[in-house]
Structure formats: C-alpha cells, structure tokens
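Visitor: What would the 3D arrangement of this be:
(2 chains)
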There are 2 protein chains.
Amino acid sequence: MLPFELTILGCSSATPTSSRHPTAQVLNVHERFFLLDCGEAAQIQLRKFKIKIQRIDHIFISHLHGDHYLGLPGLLGTMHLLGREKELHVYSPPGLEEIIAVSHHHSKSHLKYNIVFHAIEAESAKIIFEDDHLSVETIPMNHRIPCCGFLFKEKQRMKSIIKEKIEEYNISVQEIPLIKEGKDFMTTEGKTIPNAELTHDSPSPRDYAYCSDTIYNESYVEQIKNVNLLYHEATFTSDMEERAKETYHCTAKEAGTIALKANAKQLIIGHFSARYRELEPLLTEAKQIFENTELAVEGKTYKIA
Amino acid sequence: MLPFELTILGCSSATPTSSRHPTAQVLNVHERFFLLDCGEAAQIQLRKFKIKIQRIDHIFISHLHGDHYLGLPGLLGTMHLLGREKELHVYSPPGLEEIIAVSHHHSKSHLKYNIVFHAIEAESAKIIFEDDHLSVETIPMNHRIPCCGFLFKEKQRMKSIIKEKIEEYNISVQEIPLIKEGKDFMTTEGKTIPNAELTHDSPSPRDYAYCSDTIYNESYVEQIKNVNLLYHEATFTSDMEERAKETYHCTAKEAGTIALKANAKQLIIGHFSARYRELEPLLTEAKQIFENTELAVEGKTYKIA
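Guide: Residues are numbered from 1 along each chain as shown, chains lettered A, B, ... in the order given. Prediction:
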C-alpha cells in the first residue's frame, strides 16, 4: 500500500508554549512530501523529526496570520543554504510573495532556486494542484482574513491484471490497458471473460481534509463528506464558546460536530490555545460528539486509511 | 551587587540544527532585560528558560539576515496577545520597520502597543541608548550587509557615604551629595576630612561587547578594550578560513585573537556552523589563543564581572 500519512510539526494556536509550536504539518502522499502551513520553527521541527527538507516541493499556507507562515522565510533560506536548485511551489492567499520579497530585499538574498508563488482566491472551493495521482482543493474557511483549508484526494488507480490470466487466455499487449480500465475480454473462440475474473480491484482512493482556522460553520461539510481523515482546529473548550466566536475559532465540541456531520472516518483536533496545559478536556469534549478522535501530537505520524 | 548577566537563547549560525537555534540572547542589566538579536523561535526559547517576555522593552538587531531577526514578528505578536500596552523600542539597520509593516498589513494586525523603530547607521560607532545607569554603543562590523555589534557599558555609580561618619562629623543633608561625588568635607572647626575616610568606593562599572557577524578585522579592538565580557562569533574552525572569508565570518582562532588584542577579561564564542556536531574543536582552537574562553550554551547564564 502506497504511504498516505500525516506528521504533526506544530499543534499550538497563535501563542506557542514551551512545548507546543505554531501550526505546521507534513503530508506524505506516495513518498512525496507536502507541507501544510509553516509556523515559526517548522524547519527545526522538520530536523527533529528527521523529515528531509529538500523533499518538500509544495507548500500550502492557509492564511497570513503569523502563526501559520512565520517559519517560511527561514525554511526558504535553509533550502538555499543546503544547495537546493529545484523549483518550489508555494500556495497561499495573496500577499506572501510581497512579504518574502521585502525580506529578501533587505537581506540581499538571491536564492539559487525558483519559487513559484500561487495566489489563492480563498472564497470558493477550487482545485489548485492536480497530477495523475492526486488533486488538492481549497476548502473555504470563515476567519478574520482570507483563509482556506486543503482537501487532498488520491485518484482512483487502475485495476491490476492477474498475470496468470494473460497466458491462460493469450491476451495481447494491446488489450491489457483496456482490461485495466475495466473492459471484459473476448477470446478468439468468441467467449466473453468478465473483467472481474481477470483483475484485482485497486484500493479505494483515500482523502485528507485540513481545516484551520475558522469560526463554526457547516458550509464545507458537503465538500469533505466521508473523508478518511479530518484535521480540524479546536482552539477552545465549550466554556470558551463566546471567545471562540469573537476570534473566529472553533471549540472541540464544534470540531466533533463537523466530523460527525461530514461522516468522517477519523478526526484529529489541533490548534490548541496556550491556556490549556493539559489537552484531555479538549479530547473528551470532541469524543462526546465523535468517538474516533485523536489529539494532534507533535512528532506523531497518523496513517490515513 | 546589581545583576549584569547574559543568557544565550540561540547559538547557531544561519542554518539551525535540531538542538541549536539561530542567534538570540538576553542581557539582564540591573533587572532590566535587553534582547540582542531575535532569531527564529526566540520566543519559544524565552518561555523555555522562563524569561518574562513583557519585561523586554528594548530589542537590538545587529543586521537583517534572517537568522538574526526572523523570530521578531512572532514575538511582537505574542507580546500583543499577552496584553502588552507599554512601548517597545527596536534598534536595527534600516528596513525592519518596512518588513514588519508589510507582514502586519497582510495579517490585518493592529498591535495594542506602540513600537518605536530606531534605524541605525551601522558604519560608525554611536551611542544609541543612554540613561543614568547604562549606555549602549554600536560596534561597526564588516559583513555582507550593514551590520553592527553592541557595547553595553554600566555607568560609574556615585560613592556610598559611611553612615557613622555623618553623625561623627555632623554632616548636613546638603553636603551629602557632594561627598558622594568625591568632595572632601570641612568640619565647623575648619579641619578637612579626606573623602576616602567618609565613603566606600562604588564597584567598577562593567561592560559587555556583542560582536556578530563579521569578517576578521581589528577596527573595533580599540573600542572594546579591556571589556569584561566579549561575545564573538566563531562560525568556523581555522581549516575553513577561506570559507569564513568568503562568507564574511570569523574562525574560532580569530575570535580568540580579537579577545587577546582587546585584552578582554572573558570570551564567549557562538554562531556555530551547523556542520559542527561537536563544538569542542572550536573551543580548543579559541583557547589556544585566549585561555578564558567558554562556548555559548543555550539556556546558560553567564555573570559579567
């Protein structure tokens, strides 16, 4: 089974603590590494958890609050100092290119590699990355500034043909791709062999939804329906519901409610306020609504299935 | 004795490692806290070492390479979120105000406190801060972009008068400040009492020189002559001398040479290249030139005397 797994680098909200870092995470899709948000010290966390910095070719930034991108300038500099030459793609709401340009202007930095900035219009769901194996869609969030989550979807892979059947029915090279796509086969004697006898089904495609930061709203529930893994921000416990609304954030209960309504298979909650020394109350609250919930733990890797 | 001590927050050069952070340090002068450079994750280090963030009112940035200031935007945001209202002074070569302004523009941040940016002309030594107890001078460095170190000097305090002598010679309230300044006293009988009999000397003023980043040059040796504590960058060992020159940095041997020529009492070396897993070779090299050398160690506090 090709890897599809998430490693948490930072699970804190705006103010880091001595043990929790601002938001950043790495998604490994078939041994390609995607960075989602890049809070301060993300590059140090990457080193600590032995994730190779230069394997990251695509960085997705949800919004331009500092706790979601202030680790990026340092990471870009380190990629340069370590000799990077291959292109890097950075997706974010507009403004990031200007922020990086001003900083590079004053440090007189000239990177050895090219950065392609993709300015995202965060207000509606759009596919912003696609290849043969994967698509990435924005998930519109409702926050104080333009903000979106990201939905990573594996593509359905073709069926695999059972080798013995090729010989048995004398199947030609030309026919194989058609059978992989699902067609039945007709022998020279005119007998139809049903596709199911010739192939193994490929595994179901998996998906991952990253939702941070947002006030509670159900506008994206339909988009993430039946998702394999949902990461949802859960900045506060429910006794802080008013504070959550004021700051356009969610409670753990609300994160659980989104997971329930979306019929997610699994929920990870994160983006914890610095006021919580212990995180169990947040977990307990989310689990009361949606049982299959885990806390985001820095350095932990979660398999998506 | 009033405290005058240095705590290292980060001792790495441009690329951090999993255990060493970019440059940042805190100087405690009589329970006032001055931040010198603010590399990425400085705010996390401050929390880890239990230094109260809001006690910092003055931040000095040597130059605008990312490893010396990228922790600043996050620290400024945290000061705001923790409710700061008092003014903050930030000293750096020109450009930092624009960098912060662009970042705040895109995050729609409006801080509750005022930041006073002091743009430093780094090419010549100048007093940039002064009050009754302390002065801070820039130390011109020779780096790839405008860069200066900082020299913190305690002021000579007045002598303290010996209480018993006030009664013995019937010294009036008006006379006391003059005696503290060093004047002799004349009794009503016309007898002169020498100042030395009436007072204790105040302790000698102490000073601290922070020198990072620079190519080897002796232009500032005279300015830091006889300094109590010299922190000097020592990015490389001497076998990398060519690389040091190319990148406008110093070797440990060169740091030792500056300490020797300046007749410093003590040397701390830091700003270590990520290539050194073990730092002993750097220490050994500096000690061969200047015996009283220590390594910068994150979280360690060095008393200045």
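
Visitor: When you work out contacts or count neighbours from here on, use the C-alpha atoms and nothing else.
Guide: Will do.

Visitor: pLDDT score for the nearest residue to A:G83 once chain neighbours are set aside?
Guide: For A:G83, the nearest residue in space outside its immediate sequence neighbours is A:K112; the separation is 7.5 Å by Cα to Cα, 6 or more residues apart in numbering or on different chains. Note on A:K112: pLDDT of 96.

Visitor: Relative to chain B, how far out is the residue of chain A positioned farthest from its centre?
Guide: Relative to the C-alpha centroid of chain A, counting by Cα atoms, centre = their mean, A:E189 is the outermost residue, at 50.5 Å. If you measure A:E189 against chain B using Cα to the nearest Cα, to the nearest Å, the figure is 67 Å.

Visitor: for A:I59, same thing?
Guide: Per Cα to the nearest Cα, A:I59 is found 18 Å from chain B.

Visitor: quick one: that residue is in a helix?
Guide: No: counting by DSSP: H, G, I helix; E, B strand; the rest coil, A:I59 falls outside a helix, being strand.

Visitor: Report the beta-bridge partners for it.
Guide: A:L35, A:V90 (DSSP bridges).

Visitor: mind listing the helices in the stretch 101-250 of chain A by residue range?
Guide: A:163-168, A:175-180, A:195-198, A:241-246 (DSSP state H, counting those that start in this stretch).

Visitor: A:S160 against A:A196, yeah?
Guide: No: with contact defined as Cα atoms under 8 Å, A:S160 and A:A196 do not form a contacting pair (10.7 Å).

Visitor: Between the two, which has more neighbouring residues?
Guide: A:S160 (17 against 14; other Cα atoms under 10 Å in any protein chain shown).

Visitor: Model confidence at A:T257, what's the number?
Guide: So A:T257 comes in at 98 (pLDDT).

Visitor: Correct me if wrong: it contacts A:Q288.
Guide: No: with contact defined as Cα under 8 Å, A:T257 does not count as touching A:Q288 (9.6 Å).

Visitor: higher neighbour count, those two?
Guide: Per other Cα under 10 Å, whichever of A:T257 and A:Q288 has more neighbours is A:T257, with 19 against 14.

Visitor: From A:N170, how far out is the residue farthest from the centre of chain A?
Guide: According to Cα to Cα, to the nearest Å, A:E189 and A:N170 sit 11 Å apart.

Visitor: ok, the residue nearest to A:G83 to B:E40 distance?
Guide: In this view, A:K112 and B:E40 are 22 Å apart by Cα to Cα.

Visitor: Who has more neighbours out of those two?
Guide: Neighbour tally, A:K112 and B:E40, criterion other Cα under 10 Å: the higher count belongs to B:E40, 33 against 14.

Visitor: okay but the more buried one is in contact with B:L70, surely?
Guide: Yes: at 4.9 Å, B:E40 counts as touching B:L70 under the criterion of Cα under 8 Å.

Visitor: Now do the shared contacts for the two.
Guide: Residues touching both B:E40 and B:L70 (Cα atoms under 8 Å, 6 or more residues apart in numbering or on different chains) are A:G74.

Visitor: In space, what's closest to A:K165 - neighbours in sequence excluded?
Guide: A:L198 (6.1 Å).

Visitor: quick one, what contacts A:A296?
Guide: A:8, A:11, A:268-270.

Visitor: Just those: which are in strands?
Guide: A:8, A:268-270 (DSSP state E).

Visitor: Would you agree A:E130 is in contact with A:V136?
Guide: Yes: using Cα under 8 Å, A:E130 makes contact with A:V136 at a distance of 6.4 Å.

Visitor: Specify which residue of these two has the higher count of neighbours.
Guide: Set side by side, A:E130 and A:V136 show more neighbours around A:V136, with 20 against 14, by other Cα under 10 Å.

Visitor: Apart from its neighbours in sequence, what residue is nearest the more buried one?
Guide: A:V136 sits nearest to A:F152 (Cα to Cα, 6+ apart), 4.6 Å away.

Visitor: What count of nearby residues applies to the one you found?
Guide: Using other Cα under 10 Å, A:F152 is surrounded by 21 other residues.

Visitor: is it true that it touches A:I139?
Guide: No: taking contacts as Cα under 8 Å, A:F152 lies outside contact range of A:I139: 10.3 Å.

Visitor: picking that back up, can you tell me which of the contacts of A:A296 has the most neighbours?
Guide: Busiest of the contacts of A:A296 [other Cα under 10 Å] is A:G270, holding 29 neighbours.

Visitor: Hmm, A:A234 and that residue touching each other?
Guide: Yes: counting by Cα under 8 Å, A:A234 is a contact partner of A:G270 at 5.6 Å.

Visitor: what does the stretch 201-305 of chain A put close to chain B?
Guide: Residues of the stretch 201-305 of chain A found near chain B (Cα under 8 Å from any Cα of the partner chain): none.

Visitor: Now do the same for the single nearest residue of the stretch 201-305 of chain A relative to chain B: helix, strand or coil?
Guide: Closest contact between the stretch 201-305 of chain A and chain B, by Cα to the nearest Cα, is at A:A274 (10.7 Å). Using three-state DSSP, the structure places A:A274 in coil.
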